[in-house]
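A.B. asks: Fold the following and give me the result.
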Amino acid sequence: GNGGELVSTAVLEPGDILLTSVATVNSFGIRLGTFSPVSHAVLYLGDGQVAEAVGSGVRARPLEAVTAEEQMVVAFRLPGVTPSHAEAMRAWALSQIGTRYNTGGVLLQAPFVLNRRVCELPLLPDAVRNFCVSGMASVQLGSSRDDQFFCSQFVLEAYRQAGLPITAADPRWVSPADLLHMREGDVPSIPATRPLRYVGHLKYNPPPVITADGTDTR
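C.D. replies: Okay, here's the model as predicted:
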């Protein structure tokens, strides 16, 4: 309804970012806490393989496993990614396999996302808004680990390691919802170095519409 389109995995390029959601309690909690339809971020490595940070740690797995399990998968691309950038991201991501999940960072993210709403009032100038968000993040997220990763932190760090940072903000500040709002035509709370381009939906299952008598009309 917003001009989105379903695309095949053949259109993906190494370095693309996949934002997903799945019908689980954890996913619903993240989406509710961040006011977003997405709850997870994945890095596409090329050759049908992705890397991601999950509760068991950083792992690589087939792209088809992501599209099979997730309820929604939408792809975005940062302009300017070269083959050398993509290879650097791939090498770094694979070197992190087994790195522990940043559980503390995720737990600190929830109150930060809620509290920073104060900084996002529409009447505030951009400079004031950015100063407010960065100051709040320094106080609330300063104790988070940067040698462990949650999903969006892992994706952003891969780009930073490749010399192509998506944002000047600390990756620990950024949720999957923030990545979603870094797309072209949107106004992110945490500014991007350049807007992400929408590639397409690899999978989309519309949410059920339940009538008064309990019937699912999807």
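A.B. asks: Quick check: which element contains G200?
C.D. replies: Here G200, judged by DSSP states H and E, is contained in strand 197-204.
A.B. asks: Pull the residues that contact that strand.
C.D. replies: For strand 197-204, the external contacting residues (C-beta atoms under 8 Å, 6 or more residues apart in numbering) are 4-9, 11-12, 16, 18, 67, 70-79, 183-184. Where C-beta positions appear, they are placed from N, C-alpha and C, glycine not excepted.
A.B. asks: what's the model's confidence in that strand, averaged?
C.D. replies: For strand 197-204, mean pLDDT is 94.
A.B. asks: rewinding a little: restricted to buried residues, select the contacts of strand 197-204 in PyMOL.
C.D. replies: The command below creates a PyMOL selection of those among the contacts of strand 197-204 that count as buried (16 or more other C-beta atoms under 10 Å):
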select buried, resi 12+16+18+70+71+72+73+74+75+76+77+78+183
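A.B. asks: so where's this protein shaky on pLDDT?
C.D. replies: The chain contains residues with pLDDT under 70 at 1-3, 23-36, 111-112, 114-118, 120-124, 128-131, 133, 136-146, 187, 207-218.
A.B. asks: How much space separates the residue nearest the centre of the chain from P165?
C.D. replies: With distances taken as C-alpha atoms, centre = their mean, P176 lies nearest the centre of the chain, 2.8 Å away. To P165, P176 is 17 Å away according to C-beta to C-beta, to the nearest Å.
A.B. asks: repeat for S134
C.D. replies: Taken as C-beta to C-beta, the span from S134 to P165 is 15 Å.
A.B. asks: Equivalent analysis for H201, please.
C.D. replies: 26 Å.
A.B. asks: would F76 count as being in a helix?
C.D. replies: No: secondary structure of F76 (DSSP: H, G, I helix; E, B strand; the rest coil): strand, not part of a helix.
A.B. asks: Quick one: residues contacting it.
C.D. replies: So F76 contacts 16-19, 179, 182-183, 196-199 (C-beta under 8 Å, 6+ apart).
A.B. asks: Apply 10 Å and report the result again.
C.D. replies: 16-19, 41, 179-180, 182-184, 195-200 (C-beta atoms under 10 Å, 6 or more residues apart in numbering).
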